[in-house]
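*Asks:* Here is my input; please provide its structure:
(2 chains)
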Amino acid sequence: MNIKPTRSMKNRILVVVFFCVILLTVYISAKLFDVAIIQNKELSALAGSQQQDSFVIKAKRGTIYDRNNKVLAQSTTVWDIIISPGDIEEYEPENKEFICKGLAEILDLSSDKLMEACEDVTSRYYIAKKRVDRETVEKVNSFVLKNGLQSISVYAVENSERTYPNGSLAASILGFINENEDGYGLEKYYNEYLKGVDGRVVTVTDAHGDAMPYDYEAKYPAKDGNSLILTIDETLQYYLEKNLEITVSQHKVENRSTGIIMNAKTGAIVAMATYPGYDPNDPSYLFFEKDRLTIAQMSADKATEEEIEDAKAVLREQQWKNKAVSELYIPGSVFKIITCASALEEEVVSLDSTFMCSGVADVAGTKIKCWNLGGHGTSTLTEAMIRSCNPAFIAIGQLLGEDKFSQYFEAFGFTEKTGIDLPGEADSLYVSRDNMGIVELSSSAFGQTNKVTPIQMVTAVSAAVNGGKLMTPYLVDKIIDSDGNVIKATEPVVKRQVISEETSALMRQILEDVVTTNGGSNAYISGYRIAGKSGTSEKLDDYYSGEDAEMRYVATFCAAVPADDPEYVMLVVVDEPTSGYIYGSAIAAPVVSAVFKEGLEYLNIYPQYTAEELQQQDVTVPYVGGYNSIRAEALLTAAGLKAEIIGSTDGTTVTGQVPGAGAIMPNGGTVMLYMGDIPISDYKFSTVPNVIGMTVAEANKAMADEGVNICVTGASGSSDAKAISQSITAGSSVYRGTVVEVNFLINNETG
Amino acid sequence: MAQTNGGLSREQQNELYRTAVNKTAKADKQSGRLNDVIVSKPKKRRVYEPPVSAAVPEKTDVKRTARQSDNTEKISAEKPAAKQKHRKTTIGDIAAEKKDKAIRSLLSRPKCPDAPAVECTWLKKRGRFDMPLFTVVLILLVMGIVMMSSASYAYSLAEQSDSFVYMEQQLQGAIIGFVALCFASKLDYHAYIKPWKRKSKKKYAAENGNGLNAAKVAFVFSCVLMIAVYFFGEAVNDAKRWITIFGVQFQPSELLKIAAILLVAYMLQRYYEQRRDIWYGFLKYWLVLIPASVFYLMQRHVSAMLIIFAIIYVMMFVGGSHRGGMISLIVLAVVALAMLLFVFKWDYLTERLQSFFEPFSATQDSTYQTSQSLITIGSGGWFGLGLGNSRQKYFYLPESQNDFVFSIICEELGFVGAMTVILLFVLFECRGFLIAAKAKDKFGSFVALGITLQIGIQALLNIGVACNAIPNTGISLPFFSYGRTALIIQMFEVGILLSVSKQSDT
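*Replies:* Prediction:
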C-alpha cells in the first residue's frame, strides 16, 4: 500500500476543490464590488442618514423699519411646547397623568385634552401649545427637571414669529408671507433679502444618539436676514390711514380708498395706504366690516360651507391687494393736469388762451357733458382748470392731437409700470395711438377713458410739478445687514425729463390757483401754499349698463405742497362713496388737507400766514379770571377778542368766562366775562342755531345773532362752501359765547 | 507485471503489504536516525525506498487503468469490497453477483485493516517550511489585529471603558498562537497519529494502529469538554460556548474542529484501501460527524456544524470515499433542507433567507445585521474612510469586532483594502492546497487539506455573509475576528500546515 497522496487525490485537491474555492471567491468578490462600488452612493446616503443628525438653525428674518428707524415688522422668538406620547409610554407611563396635569396648569390647557393626546402612543410629536414666551418655557423646563421627568417626553422647540407691532398700519405696503414664501407687499418683494440663510449643524452620532468622538461636527451658521429701512414715515402713514378711515366711514365707501404721499423730488414714497386693509398679524381675518356682514348674511341665507369659504377667499384676496399699485381706476379730472402740462409744453395753448363752454361738447356727433350742465361760459386756461371744465379740456386735447397726446401719455409713464418695489403692480388699460379717434382723444383729455394705477398718477403729477422729471417711485431707502452695514442704498432714479422746468412752473402756478381761488378750496390750508386738482370719475366700465343702473364714482384729489417748490405730492382715491357726495373736491380734498395740516407741522414745515390769513387766525382764549374788568378786557383785546361784561365792574374781579381759557375761537369773537359774585345759575344762555347748508357768511350771522361764537373749519374762504356739520346740535341750549365748530365744504368740481 | 499483480488475491496482496510495512517499520528507526543525519543526500535516501516499492506496481496499475477507462477502474474499485470472493466475473453473473455483494457487504464487514506504521521523528529540526504561506499568515495576523482593534474600539470603550481591552486580549492570543505555530511547525505532524505505546503486552494493537493516538484522544477530550460546556459553560451573547479551566477562558468548539480534522485525516489514510466500502469508506466517519454535530447543535452553533460537515465531506471526496454514500448524503441534505423550509417552515431558516433576499426589508435581528453590514461596506467606496475612521462601528453594526469585522475593513480601507484581504486568503488557499498535494503522505495531505479548507471556507463564508452573497450565518473571519481560542488554534493549525510542508516532496 502506498501512503503517498495518489494522483487522483492531487487532482481533486488542485483542480476540483481549488476550482470550487476560486469560483466561490470570484462570486463573492463580484458581490463585494456590487455592494462597495456600484451601490456606493445609495448605501453611503443610507449611512449618512442614520449617522448624521442635523438640525436647522433658523435664520432670523430681517426687520422692517420706517425712515426714522421705527419698527414696522420684526421677527421674535417664540417656543412651541411639545409632548411625545410615545416616549412617555416607553419610559415613564406611570408619570403620564402627572405630566398632563402639570402641563395643563402651566400652559393653561385642559388636562383632559392632554390626556387624550397622550393616549396616541404612536405619536412622538404633539404640539401642546404654540407660541409661548420664554417665561413659560422656563416654567416647563423646571417642571421637567424638578420632577425628574424625561427630557424627551416634554420639551420646547424654538420657533420664530413675525409680528407687526402697529397692526394694520401700512399693511398694504408691508404685506405678509406664508410658509411657502407666497405673500404680498415688501415681505414678498424683498423676501430674498429678508429671509436670510438658514444654518445647519450636522453632527455624526452613534447608534445610541451620542456624538462620535471624532470631529465630524460641521456647523453652518445661520445668516440672519437683512433689514429694510423704508422711505415710509410711520407718523404720516398713521395720519393718512386715520383720515382715510374717517372718510370711508363718513362717505360709506364701498370699494376701499387709497392714498399715496410721495416725495416729489426723489420719488420716495413717504406714506401709502389702503383702507380698509388688514392686520398682517392675522391676515385671514376679514378687516372690512362690510365684508364680515356679507359673510354673516351668507350664513343667514344658509349658504353651504363651501360657498362661504369661497366667498371668504375672494374677499381675503381683495383685502390683501394694495389698491395703490395693484388696482386701476379712471383718473378723471386729475388727469387734466397731464393734458394741460402737455399742451403747454407743446405750446398749443398758453395762459391767455380762452375756451368756451356751453355745458355740452359735441365731438363728432357724440355729446359730452360738462359736470356743470349750465356751462361755464368763457374761461382762460387757469379758469378752465379751476372750474374743471370738460369742454375746455376736450378742446385742449384736440389742439394737442392724437399723436402728441399719446406721446405725452407715454412720456408721463402711463403705458409702463412705474417700477415701484412692490409685487403685483397692475398694467394700465389705455387707448393706443392706433385705436384713437377724435372721440377717444376728447374723453381721454379729461381723464375719463384710460385706466391707470394711483401710483402711476401720483408719479405723473409729481413730474408735472417738480420740474418735469419723471421719477421711479420706491419704498426701500436702504437695505442693511444684521450688523448694520448698508448693503444697498436706493438712489432716486430720474426716468426722463417729460416737460420743461418752465412748463412745470406754469403748472404749479395754475394748480395753486385752483386751491386758493375763491377763498380756497376744500384742500386749502391757511398758512400753506398748496397746489392741487380734484377729480370725479364715473365708473363707466363697471356700472354703465342699462338706464336704471346706478352710476358709481371715484372721488380723487391730488395735491402738492409747497406749491412753489413741491416737496410732497399726495393723491387720495376714494372708490365708490355712497353717502350722496360724489365729488373728489368734497370727499378726497378734505383728506388731503387734514393729512397735510397734521403732517406738515410734524415735518417741521410751519405755516406762513399772509396778512389776510393772520387776521382770520383763530386765537386761544387767555385766562382772565381774578383780574378787574379793565385789565381783563385789555388782555382779551390784545388776543384779538372782544369782551362782553356782565355784572358790576366796581371793585369786582372776573369770576367766570365763557368760553374758558384755552378754547380756540375765531379772531374777533366775543368772550363773556362774569364779574363779582354772579352765581353760575345766572349765566346767560343761548340756543344754537341750525347753520347746516349755509355759507360761511350766513352761518356767521346766524351764530352772532344767537350770541354763539363760530369756529369755521374746512373751506372757510370760499363763497361756494356750505356748512355740512356743526359740533353742537342745533337747538341745544348752551352758555352764551360757547364756541360751535362748523365744518364747511365746497360740494362741486371746482378746485 | 500489472496483470500478474492485478491477478493477486486480496490476501496475497495484504500479506505482501504487511511484510513490506514491517520491513519499513524496522527500517523506520534507522531511517529516522539517518534522516536526521543525511537528509540532504538524495542517493542515501533512495536506500530506504525499496520496502515501499513493493506497493508501487499497484499504484502504477491503478494509474494506468484509471487512464484506460472508467469501466476498468470501476472493476478494480469493486475489488476491495469483494476481496474474500475472488473469482472472475462473467457478464452473465453480474446481476447475481451485485446482489450477492450487497448482501455480503451488509452481513460481513471486512476486517479492520491495520494502520500503516507511523514514522514520527517528533521534532523536525531540518527541512524548510513553506515561506510564502508563513508570510501570508503573518500579514493576515497583523492586519487582523489592527482591524479588530479598530473595529472593537467603540464596543470596548462602551463595555469596558477602555478602548483597547479587545485588542490586548487578541494580542495575548496572537502571542500564544505564535508560540503554538512555532511549536506545531517544529513538531512532526505524525506525532498526532503515532500510536501511544502502552505498558500492556498488546503490542500488536499498538503496532497495527488500533491503539490510542493523539488525534483520537484530542477528539474524545474535546467532546468531553463540549459536554462540560453544556453543563458548566459560560454564556456570552445567549450562546453557551465558553468554559473556564484553571482560570483560562476557553472555547472547546474550536478545539473540536481541528481534532475532527486530524481524526478524519487519520481515518482517511488508514482506510484508504477500503474507501469503496460502505462502512470504511463512508459510515465510519459518522462516528466523528454525529458527535460533532450533536455537540455543535447543543451549543446552537449551526454554522460551525455545517462547516465541519463541509470540510469532512470535501476531505472524504478527495479521499475518494464510497460514491453511493457521498451522493446520497448530498441528496439527503437537499431533501432535509427542503423539508425544513417548505414542510416545517423552520423560522430560523426562513428568517435567514428573507434577510438574504431583502436585506432592507424587516427589522429582525439578522436582517438588521445584514443591512447594517451592507451599509458599512457601501460607505467605503474604493479607498474607504481611512484607518480608524469607521462610523458604523459606533454601535450601528452589531458584532463589528467579531463576525462583521470584514465590513469594517471595507468601510475603513475601501474595496481595495477588502480585495487585498480576499487575495491574501486566496494565496493562503493556494499554498495550502499545494502543500496538501505535495505532502509526504496521505495523512499529511488530508490534514493540510482540512486545515486549508477550514480557514479558507470560513474566510470565504464570512466575507460572503458580510456582503450578503450568502445568507447570514454566524461565522467568524480567521485571524481577524475577536476570539483568543480561535486565534490560537488557527495559528496552531498553520503550524501543522507548515510542519506538513516541511516534509513535502519537491
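
*Asks:* Flag the shaky bits of chain B, pLDDT-wise.
*Replies:* B:1-93, B:102, B:104-120, B:122, B:124-126, B:197-210, B:236-239, B:247, B:362-366, B:505-506 (pLDDT under 70).

*Asks:* per-domain residue ranges of it.
*Replies:* Structural domains annotated on chain B: B:2-79, B:131-502, as defined by automatic domain parsing.

*Asks:* Out of those, which gets nearest to residue A:465?
*Replies:* Residue A:465 lies closest to domain B:131-502 among the domains of chain B, at 71.8 Å (Cβ to Cβ). For every residue, glycine as well, the C-beta is placed using N, CA and C.

*Asks:* Got the phi and psi for the residue of the stretch 551-700 of chain A found nearest chain B?
*Replies:* Proximity of the stretch 551-700 of chain A to chain B (Cβ to the nearest Cβ) peaks at residue A:575, 63.7 Å away. Dihedral pair for residue A:575: phi -100, psi 120, per degrees, to the nearest 10.

*Asks:* Nearest residue to it in space, please, no chain neighbours.
*Replies:* residue A:255 (3.9 Å; Cβ to Cβ, 6 or more residues apart in numbering or on different chains).

*Asks:* Three-state assignment for the one you found, please.
*Replies:* Under DSSP: H, G, I helix; E, B strand; the rest coil, residue A:255 falls in the coil class.

*Asks:* residues in contact with it?
*Replies:* Neighbouring residues of residue A:255 by Cβ atoms under 8 Å, 6 or more residues apart in numbering or on different chains: A:552, A:575-576.

*Asks:* What separation do you get for residue B:245 and residue A:52?
*Replies:* 47 Å (Cβ to Cβ, to the nearest Å).

*Asks:* In terms of neighbours, single out the busier of the two.
*Replies:* More neighbours surround residue A:52 than the other of residue B:245 and residue A:52, with 14 against 11 (other Cβ atoms under 10 Å in any protein chain shown).

*Asks:* What residues does the more buried one make contact with?
*Replies:* Applying Cβ under 8 Å, 6+ apart, the residues near residue A:52 are A:202-205.

*Asks:* Which of those fall within strands?
*Replies:* A:202-204 (DSSP state E).

*Asks:* Chain neighbours aside, what residue packs nearest to the closest residue to chain B within chain A?
*Replies:* Relative to chain B, the nearest point of chain A is residue A:43 (2.3 Å; Cβ to the nearest Cβ). Leaving aside its sequence neighbours, residue A:43 sits nearest to residue B:378 (Cβ to Cβ, 6+ apart; 2.3 Å).

*Asks:* Contacts only, for the one you found.
*Replies:* Taking Cβ under 8 Å, 6+ apart, one finds A:35-36, A:39-40, A:42-44, A:46-47 in contact with residue B:378.

*Asks:* Can you pick out the most distant pair from those residues?
*Replies:* Greatest spacing in the contacts of residue B:378, by Cβ to Cβ: A:36 and A:46 (13.6 Å).

*Asks:* So these two - more neighbours on which side?
*Replies:* Set residue A:36 next to residue A:46 and count neighbours by other Cβ under 10 Å: residue A:36 wins out with 28 against 18.

*Asks:* three-state assignment of that one?
*Replies:* Going by three-state DSSP: residue A:36 is helix.

*Asks:* returning to that earlier point: chain B next: which of the ones in strands among the contacts of residue A:52 are close?
*Replies:* With Cβ under 8 Å from any Cβ of the partner chain as the criterion, these include residue A:204 near chain B.

*Asks:* if I look at residue B:381, how far off is chain A?
*Replies:* 5 Å (Cβ to the nearest Cβ, to the nearest Å).

*Asks:* What of residue B:141?
*Replies:* 20 Å.

*Asks:* related to what we said a few turns ago, buried members of the contacts of residue B:378 into PyMOL, please.
*Replies:* PyMOL command restricting those to the buried ones, with burial defined by 16 or more other Cβ atoms under 10 Å in any protein chain shown:
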select buried, chain A and resi 35+36+39+40+43+44+46+47
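
*Asks:* Sketch out the low-pLDDT regions of the stretch 651-751 of chain A for me.
*Replies:* Applying pLDDT under 70 to the stretch 651-751 of chain A flags residues A:715-719, A:749-751.
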